[in-house]
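Trainee: have a look at this fold, sequence not included:
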């Protein structure tokens, strides 16, 4: 939580570090998920879909790690085992799309309007722990890449978060 608050403060002061390099997003995401799963008590099935075995992108690996961990851990947190989490990466015309899909509690239309506001928590989160900062930090990381994020969700039918990264030239 403290790290998320520091990131939000640095973002407001426009002092977030961003070091873009060319990287293989497929390999990086697979590695991030593999390492994260090692820290979990229960390993969940991850269904990967890639439009290519190697998708190159200019991005900051530290922030990509933050984006992937946030989306994946939320997918785990808001869906019950043994449901799987889907991760798709595909190259489109001028962008690379990363999507993470869960089959969890979903997000109401009302909550979707405030989803990326700091400290906002959905009405249906109940006793699920969280600070309401994760998606705000995620949005900052996406903005650093000049990307966009959207959510598709229905209550009790899961959620899909789609991050689009521009891939024309360098960031």
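Mentor: Yes, it's here. Note that this is a predicted model, so its numbers are computed, not measured.

Trainee: for the nearest residue to residue 96 once chain neighbours are set aside, give its distance to residue 56.
Mentor: Once flanking residues are discounted, residue 96 sits nearest to residue 165: 4.7 Å by CB to CB, 6 or more residues apart in numbering. Every residue, glycine included, has its C-beta placed from N, CA and C. In this view, residue 165 and residue 56 are 11 Å apart by CB to CB, to the nearest Å.

Trainee: neighbour-wise, which of those two wins?
Mentor: residue 165 (22 against 14; other CB atoms under 10 Å).

Trainee: what's the host helix or strand of that one in contact with?
Mentor: Assigned by DSSP states H and E, residue 165 falls within strand 159-166. Contact with strand 159-166 is made by 57, 59, 67, 71, 74-75, 78, 86, 92, 94-102, 104, 106-107, 142, 145-153, as judged by CB atoms under 8 Å, 6 or more residues apart in numbering.

Trainee: kindly recompute the last result at 7 Å.
Mentor: With CB atoms under 7 Å, 6 or more residues apart in numbering as the test, strand 159-166 has contacts from 57, 59, 67, 71, 94-102, 104, 106-107, 142, 145-153.

Trainee: what's the answer for stretch 110-120, then?
Mentor: 8, 107, 122-123, 131-133, 135-136, 139, 151, 153.
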